[in-house]
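Enquirer: Prediction below, plus the sequence it came from.
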Amino acid sequence: MGLISQKVFDGGCHVIGVIPKALVPLEISGESIGEVRIVSDMHERKALMEKEADAFIALPGGYGTMEELLEMITWSQLGIHNKPVGLLNVEGYYNNLLALFDNGVEEGFIKTSAKHIILSASTAKELLVKMELYTPFNDHVAPRESWQTEQLASYPTE
């Protein structure tokens with residue numbers, strides 16, 4: 001992520017890194033790029049990233065990357081956000097995951113309309129074009145406004 005952050009920063013864009021306090025000594029070893037926001041935990045990290053981001057892109061990665069990717073897909077399906085979610089599918093890294101999503105649609109666990117939440121491309125340029133043309137998913141479980149903190153505070157708890 002450091003190399004990507006540096007390229008984005010060098011291109012004149014604002015870079016925000018969001019890291020849980022427990023990971024600071026493990027992840028930040030030198031000079032940071034752009035703005036770094038330290039949060040209490042992973043839940044707060046994802047909420048802040050969702051608030052600040054215009055879109056989400058997952059590069060090839062491990063469990064953490066996949067967990068965050070799936071959460072952003074789920075949040076789109078629920079109506080928490082309406083931002084594009086992209087997979088940079090370098091050398092087919094995510095082919096099996098995409099096939100799993102297709103299987104979920106075929107088996108009826110994923111709505112056909114929800115399949116289009118995730119955008120995929122093998123190059124960054126192609127993925128960015130798809131993301132710019134993205135039409136937000138509209139078959140949400142609940143409207144975005146119902147997920148806002150202020151709105152939730154007014155609902156009865158009993």
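Expert: Noted; the coordinates are in hand.
Enquirer: contacts and neighbour counts: CA atoms only from here.
Expert: Noted.
Enquirer: Going along the chain, name the strands of this structure.
Expert: 16-20, 35-39, 56-58, 85-88, 118-121 (DSSP state E).
Enquirer: Could you look over these and pick the most buried one?
Expert: strand 85-88 (a mean of 23; mean count of other C-alpha atoms under 10 Å).
Enquirer: follow-up on the earlier one: could I get the strands of the chain as CSV with mean pLDDT?
Expert: Output for the strands of the chain, formatted as CSV (pLDDT from 0 to 100):
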stretch, mean pLDDT
strand 16-20, 87
strand 35-39, 89
strand 56-58, 93
strand 85-88, 96
strand 118-121, 96
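Enquirer: Quick one, which of the ones you listed gets closest to E27.
Expert: strand 16-20 (8.5 Å; C-alpha to C-alpha).
Enquirer: Output the closest one as PDB, nothing but the C-alphas.
Expert: Output of strand 16-20 as PDB, limited to C-alpha atoms (Å, rounded to 0.1, in the frame of the first residue of the first chain):
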ATOM      1  CA  ILE A  16      -5.500   9.300   4.100                       C
ATOM      2  CA  GLY A  17      -4.200   6.200   5.900                       C
ATOM      3  CA  VAL A  18      -6.400   4.800   8.600                       C
ATOM      4  CA  ILE A  19      -4.800   2.400  11.100                       C
ATOM      5  CA  PRO A  20      -5.900   0.800  14.400                       C
END
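Enquirer: All set now, cheers.
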